[in-house]
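Participant: Fold the following and give me the result.
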Amino acid sequence: MREYNLRNPFSGRVLREKPDPSSDDAAFSQEESARRTLTVSQLAQRIAGIFDDHFASGIWVEGELSDPKVYPSGHLWFDLKDAGASVKSVMWSMDAKRLKFQPEQGLQVVCFGKVEYYAPRGEVKFIVRSIEPKGIGALQLAFEQLTKRLQEEGLFSEERKRSLPLFPERIGLVTSPRGAAIDDMLKVLDHRVEAVLFPTRVQGDGAAEAVARGIRELNELGGLDLLIVGRGGGSLEDLWAFNEEQVARAIFQSKLPVISAVGHEKDVTVSDLVADVRAATPTKAAEMVVFQRRACFDRLAAVLDNTAFTQPEEWLQEIQEQIEEIQEGMIEGLREPVLSAAHRLSLLHRDLLACSPRSVILQQAEKLHSLRGSLDTGMARSLEQIASRFTALTGRLNDLSPLKVLERGYSITFGPDRKILKEAERVKPGDLIQTTLHKGSVKSRVESIGDERYGYKSKRDV
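Facilitator: Below you'll find the predicted structure:
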């Protein structure tokens, strides 16, 4: 009998070819199989055992994130897939919260974890412990994702950034109490500016939260002119606390101007982009603070030379001339803006007057007056036309009046029924009729009826 070089994971026995059904071995095999019948739970345990044996130390799997979703519990669920297959995957909250970047749809990643068989549902899941973006570091991807989002929200806008006070008296420092950064800053400040230190961690777990808390508490302290937030140089991992969103938002919400001084000149962090001013190093930040004060004192020292004591009148005259020159420059510099502003104000005043209720009422009153004049003129013209037509119609009516006919010698005769008599046949001898003349009327009684034009009389003649 030929044997395969493969062991059965369920029984530990050596697999053999399927025996001939007619042989005695076949009967023995069937009987043996019946004795080795498993329950579903036993089968599930053996399947789980296979995964435990093969993936106990964990495996690395490369694929594409599909439909990643973080649930309220903090667990990250997603499918890890390629062109030929897909695996249900989960990253529990304790591991997911350590991710520096946001898992995005379609992101190519390399995941480390182990495979588990969940018996109650008969599901195979890939339990992921860590995720690394393919081809780019996780921290670099997180930096790019966060800067893009914060820029879209306007946190990097130059319009909202504030200028530093010219002569700060008291400043706040959010940094580590140990190291070269704090020593260099205090050395530059040299007691010329009072510094209030909020000691904090600047790298490692909890550093970002501590830096953000320091910014908030120094804002609430009061009496400060500005803040310096930063630390000395280091790797990207060392500086990462200043790339966290909570630090960026604390700087953005600060009521005090903020100088971000993180790492060396080549290092750029999210806090540098949000802060009002970025300093290349912590030492440079301290120099920015004392620069204006030092420059002012230097100018004052240059002015207060021996002349001020040996020839005070000339010194005062020189100071007066400088003041007048500065005054003239200020006036000249303000003239054009003031004139421009006055012109704009005049235009706005004119526009405002045009929109005022009084102006609108006057315009409508003028329009009403004009319409009333047009109405009066139109009515007079219409009345003239109507009067002319009335006169013409009256003349025509008068020409057609029966009275005009009577003036020419004609008359109108009314029968007994007081209707105009047009036919002789309508009356009979003895009827009383009335004839209207041009002047007056005549009543008469009918004696006979006939057609005098043809020389005969009616048989009704009296």
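
Participant: how close does residue 258 get to residue 114?
Facilitator: Distance, residue 258 to residue 114, using C-beta to C-beta, to the nearest Å: 45 Å. C-beta coordinates here come from the backbone N, C-alpha and C atoms, glycine included.

Participant: Could you check which of the two has the larger neighbour count?
Facilitator: Neighbour count, other C-beta atoms under 10 Å: between residue 258 and residue 114, residue 258 has more, with 29 against 17.

Participant: Give me the contacts around stretch 398-410.
Facilitator: Identification of contacts with stretch 398-410 by C-beta atoms under 8 Å, 6 or more residues apart in numbering yields 412, 436, 437, 438.

Participant: change it to 6 Å
Facilitator: For stretch 398-410, contacts defined as C-beta atoms under 6 Å, 6 or more residues apart in numbering pick out residue 438.

Participant: CA atoms of that stretch as PDB?
Facilitator: Only the C-alpha atoms of stretch 398-410 are listed here, as PDB (Å, rounded to 0.1, in the frame of the first residue of the first chain):
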ATOM      1  CA  ASN A 398     -80.300 118.100 -33.900                       C
ATOM      2  CA  ASP A 399     -80.200 117.700 -37.700                       C
ATOM      3  CA  LEU A 400     -82.100 114.400 -37.400                       C
ATOM      4  CA  SER A 401     -84.600 115.800 -34.900                       C
ATOM      5  CA  PRO A 402     -88.300 115.800 -36.100                       C
ATOM      6  CA  LEU A 403     -88.500 119.400 -34.900                       C
ATOM      7  CA  LYS A 404     -86.200 120.400 -37.700                       C
ATOM      8  CA  VAL A 405     -88.600 118.800 -40.100                       C
ATOM      9  CA  LEU A 406     -91.500 120.800 -38.700                       C
ATOM     10  CA  GLU A 407     -89.600 124.000 -39.200                       C
ATOM     11  CA  ARG A 408     -89.700 123.200 -43.000                       C
ATOM     12  CA  GLY A 409     -93.600 123.200 -43.000                       C
ATOM     13  CA  TYR A 410     -94.200 119.600 -42.200                       C
END
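
Participant: let's have the chain start at 40 instead
Facilitator: Okay, using 40 as the starting number, the last item reads as stretch 437-449.

Participant: any idea of the mean pLDDT in that stretch?
Facilitator: For stretch 437-449, mean pLDDT is 73.

Participant: count of residues packed around residue 460?
Facilitator: 19.

Participant: swap that for residue 130, please
Facilitator: Residue 130 has 26 neighbours, counted by other C-beta under 10 Å.

Participant: Then residue 170?
Facilitator: Other residues within reach of residue 170, judged by other C-beta under 10 Å, total 26.

Participant: With adjacent residues omitted, what lies nearest to residue 392?
Facilitator: Leaving aside its sequence neighbours, residue 392 sits nearest to residue 398 (C-beta to C-beta, 6 or more residues apart in numbering; 5.5 Å).

Participant: could you measure residue 385 against residue 376, distance?
Facilitator: As judged by C-beta to C-beta, residue 385 and residue 376 stand 15 Å apart.

Participant: where does the stretch 140-289 of the chain dip in pLDDT?
Facilitator: Scanning the stretch 140-289 of the chain for pLDDT under 70 picks out the ranges 174-175.

Participant: if you set the cut-off to 50 instead, what comes out?
Facilitator: For the stretch 140-289 of the chain, applying pLDDT under 50 flags no range at all.

Participant: hey, where'd the helices end up in it?
Facilitator: Using DSSP state H, counting those that start in this stretch, the helices found in the stretch 140-289 of the chain span residues 177-192, 219-228, 246-260, 284-292.

Participant: how about CSV for these, with mean neighbour count and distance to residue 369 added?
Facilitator: Listed next are the helices of the stretch 140-289 of the chain as CSV, based on neighbours: other C-beta atoms under 10 Å; distance: least, C-beta to C-beta, whole Å:
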stretch, mean neighbour count, distance to residue 369
helix 177-192, 15, 38
helix 219-228, 18, 33
helix 246-260, 19, 35
helix 284-292, 20, 35
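
Participant: and the ones you listed as TSV, adding distance to residue 272?
Facilitator: Shown next, in TSV, are the helices of the stretch 140-289 of the chain (distance: least, C-beta to C-beta, whole Å):
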stretch	distance to residue 272
helix 177-192	16
helix 219-228	9
helix 246-260	15
helix 284-292	18
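
Participant: wait, which of the ones you listed is closest to residue 83?
Facilitator: Closest to residue 83 of the helices of the stretch 140-289 of the chain is helix 177-192 (C-beta to C-beta; 35.9 Å).

Participant: Just confirm residue 300 is within a helix.
Facilitator: No - secondary structure of residue 300 (DSSP: H, G, I helix; E, B strand; the rest coil): strand, not part of a helix.

Participant: Please report the distance of it from residue 241.
Facilitator: 11 Å.

Participant: number of nearby residues for residue 278?
Facilitator: So residue 278, with other C-beta under 10 Å, has 23 neighbours.

Participant: List the contacts of it.
Facilitator: Residue 278 neighbours (C-beta under 6 Å, 6+ apart): 301, 302, 308.

Participant: Next up, phi/psi of the nearest residue to the second one once chain neighbours are set aside, please.
Facilitator: Okay, so that is residue 302. With C-beta to C-beta, 6+ apart as the criterion, residue 302 has its nearest non-adjacent residue at 4.6 Å, and that residue is residue 272. Dihedral angles of residue 272 (phi, psi; degrees, to the nearest 10) stand at phi -70, psi 170.

Participant: So residue 272 versus residue 371, what's the distance?
Facilitator: Using C-beta to C-beta, residue 272 is found at 48 Å from residue 371.

Participant: Please identify which of the two sits among more neighbours.
Facilitator: More neighbours surround residue 272 than the other of residue 272 and residue 371, with 16 against 9 (other C-beta under 10 Å).

Participant: okay but that one is in contact with residue 303, surely?
Facilitator: Yes - at 4.5 Å, residue 272 counts as touching residue 303 under the criterion of C-beta atoms under 6 Å.

Participant: Contacts for stretch 134-145, please.
Facilitator: Here stretch 134-145 has contacts from 104, 107, 113, 115, 168, 177, 178, 180, 181, 184, using C-beta under 6 Å, 6+ apart.

Participant: Now it - C-alpha only, CSV.
Facilitator: The C-alpha trace of stretch 134-145 is given here as CSV (Å, rounded to 0.1, in the frame of the first residue of the first chain):
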residue,chain,number,x,y,z
ASP,A,134,-3.7,48.3,19.9
ALA,A,135,-5.8,50.7,17.8
LYS,A,136,-5.2,53.6,20.1
ARG,A,137,-1.5,53.4,19.4
LEU,A,138,-1.9,54.0,15.7
LYS,A,139,-0.4,57.3,14.7
PHE,A,140,-2.2,57.6,11.4
GLN,A,141,-5.8,57.3,10.3
PRO,A,142,-6.7,54.0,8.5
GLU,A,143,-8.1,55.0,5.2
GLN,A,144,-10.0,53.1,2.4
GLY,A,145,-7.7,51.6,-0.1
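
Participant: Can you list the buried residues in that stretch?
Facilitator: Counting neighbours by 16 or more other C-beta atoms under 10 Å, one finds that the buried residues in stretch 134-145 are 134, 135, 139, 140, 142.

Participant: Could you do stretch 236-244 as well?
Facilitator: 236, 237, 239, 240, 241, 242.

Participant: Out of these, which is nearest to residue 315?
Facilitator: residue 237 (18.1 Å).
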